[in-house]
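*Asks:* how would this look folded up:
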Amino acid sequence: MDERVRTLLLGVAGCALLFGLILALAYAVPAAREVDAKALQGFLGLQRPAVDAFTRHLVRLGDPPVVGLVGVLLAGIALLRGRPRVALAVVMLLGATSVSSQVLKAALAYPRFEGQTGLAHIAPAAFPSGHSTAVMSLAVAGVLVVPARMRVLAAVVGAGLALAVGVSVVARGWHFSSDVAGGFLLATGWGLALAAGLRLAALRWPERTVRGRVAPGVRRATEAVAGAGLVTMAALGALVVVAGAVLAVARVDLVELVRAHTAALLMAAALLALALALLTALVAGLRQRGHR
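*Replies:* Numbering: from 1, shown residues only. Model prediction:
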C-alpha cells in the first residue's frame, strides 16, 4: 500500500478511536460528565442579549441551506481548478457527514445530566453535534479544494469557524462540548478517508488530462479569488477577536470572568486545539504529489 494512503487511513483510525473514547467518557465516566456539565453551565452564563444575537447568527452557518450553498461554491472552485475528483469528494463529504451524524445521534441517544444543566434542554440524541459536524466538514472541504500553498491558511480559518459554531451551539444550550468534539472528529475522519481515496485514484488514473482542459488563466483567476477570500475571512476573524477582547477589557473584570467561567474557557481552548490539530493532520497528509 502507498505510504501516504496508509498514513491517511491511520488518521481515519485515530479519529474513530478518539470518537469512541470521547463518547465513553461523556456517557460513562462521572468525572468527565461533570466537566461537560460545568462547561455547559459556564457557556450559558456568558449569554447576554448581544451574545445571544451573535450566537444565533453563527449557528446558522451549520444549517443545511448554508452548508449546501458553501459546498456548491467549494465544488465549483475545484472544477475551475481542473479537479473534478475533488469536487466530487466535496459533495460526498457533505453527504456522508450529514447522514452519518444523524444516524449516530439516533443510535447513540442517551440522556445526560437531566435537570442539572440550568436553562439548557439537551435532547438525548445530541452526540455528535450536527452543526459542528457540518461546519467542520466545510473546513475540511476547504483544505481539500485550495492549492497547497493556501492549505495552512484554510486550516486556520476553518478551525476558527468550527470553533465559533461549536461554542455557539453549547452557549445556546443545544449541546455539550463533547458533542462538538465528536462532530469535529466525525467530519475529519470522513475527510481523511476521502483524501485517501483521492490519492488512490491519482495513482491509478492520473488527472492531468482533465486539468489540461481548463485554461491556465481560469485556474489562476480562481485561485486568486479563493486566496483573497481566505485572507479576507482571516482578517475579519482577527478583527472580531480583537474587538471582543477590547470590549471585554473595557466592560468586564477579566479575573472575575476567568474565575466564574474557567471550565467554559478551558473547554473552548481544548476545542480550538482539537480543530487545529485535526486540520493540521489533514494538511500534512495532503503534502504530496497528486494533491495540488
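
*Asks:* now do V242, the pLDDT please.
*Replies:* The per-residue pLDDT reported for V242 equals 71.

*Asks:* distance of it relative to V51?
*Replies:* V242 sits 17 Å away from V51, taking CB to CB, to the nearest Å as the criterion. For the C-beta atoms, the positions are set from N, CA and C on the backbone; glycine is no exception.

*Asks:* more crowded one of those two?
*Replies:* V51 (15 against 10; other CB atoms under 10 Å).

*Asks:* Provide a list of residues in contact with that one.
*Replies:* For V51, the contacting residues are A171, by CB atoms under 8 Å, 6 or more residues apart in numbering.

*Asks:* that one: helix or strand, and which one exactly?
*Replies:* Under the criterion of DSSP states H and E, V51 resides in helix 49-59.

*Asks:* list the buried ones in that helix?
*Replies:* F54, T55, L58, V59 (16 or more other CB atoms under 10 Å).

*Asks:* could you redo these as JSON lines and give each row distance to T280?
*Replies:* Supplementary listing: the buried residues of helix 49-59 in JSON lines, determined by distance: CB to CB, whole Å:
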{"residue": "F54", "distance to T280": "27"}
{"residue": "T55", "distance to T280": "26"}
{"residue": "L58", "distance to T280": "23"}
{"residue": "V59", "distance to T280": "25"}
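
*Asks:* quick one: which of those residues is nearest S100?
*Replies:* Of all these, S100 sits closest to V59, with 20.2 Å by CB to CB.

*Asks:* do you know how far the closest one is from A171?
*Replies:* From V59 to A171 the distance is 9 Å (CB to CB).

*Asks:* what stretches of the stretch 101-250 of the chain score poorly on pLDDT?
*Replies:* 113-120, 207-215, 243-250 (pLDDT under 70).

*Asks:* how about the helices in it?
*Replies:* 130-145, 151-171, 177-204, 208-212, 216-251 (DSSP state H, counting those that start in this stretch).

*Asks:* among those helices, which is the most enclosed?
*Replies:* Of all the helices of the stretch 101-250 of the chain, helix 130-145 carries the top mean neighbour count, a mean of 29, counting by mean count of other CB atoms under 10 Å.

*Asks:* could you check the angle helix 151-171 makes with that helix?
*Replies:* 180 degrees (axes from the mean of the first three to the mean of the last three CA atoms, to 10 degrees).

*Asks:* related to what we said a few turns ago, for I22, which of the helices of the stretch 101-250 of the chain is the nearest?
*Replies:* That would be helix 177-204 among the helices of the stretch 101-250 of the chain, by CB to CB, at 5.3 Å.

*Asks:* relative to helix 151-171, how tilted is the closest one?
*Replies:* 150 degrees.

*Asks:* okay, R292: pLDDT?
*Replies:* 55.

*Asks:* for A28, give me phi and psi.
*Replies:* phi -120, psi -10 (degrees, to the nearest 10).

*Asks:* pLDDT score for it?
*Replies:* On the pLDDT scale, A28 gets 90.

*Asks:* do you know how far it is from L44?
*Replies:* 24 Å.

*Asks:* the two: who's more crowded?
*Replies:* L44 (18 against 10).

*Asks:* what strand or helix carries that one?
*Replies:* helix 30-45.

*Asks:* just the buried positions in that helix, please.
*Replies:* Quick answer for helix 30-45 (16+ other CB under 10 Å): R33, V35, D36, A37, K38, A39, L40, Q41, G42, F43, L44.

*Asks:* tell me the one among those nearest to A134.
*Replies:* Nearest to A134, judged by CB to CB, of the buried residues of helix 30-45 is F43 at 19.6 Å.

*Asks:* my read: that closest one touches V167, true?
*Replies:* Yes - between F43 and V167 there is a contact under CB atoms under 8 Å: 6.8 Å.

*Asks:* ok, now how distant is the closest residue to T280 other than its chain neighbours from P128?
*Replies:* Nearest non-adjacent residue to T280, counting by CB to CB, 6 or more residues apart in numbering: A155, 6.1 Å away. From A155 across to P128, the span is 20 Å (CB to CB).

*Asks:* hmm, back to that, make TSV out of the buried residues of helix 30-45 and add distance to G142.
*Replies:* Below are those laid out as TSV (distance: CB to CB, whole Å):
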residue	distance to G142
R33	33
V35	31
D36	29
A37	33
K38	33
A39	27
L40	29
Q41	33
G42	30
F43	26
L44	31
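
*Asks:* closest to A277 among the buried residues of helix 49-59?
*Replies:* Nearest member of those to A277, counting by CB to CB, is L58, at 22.0 Å.
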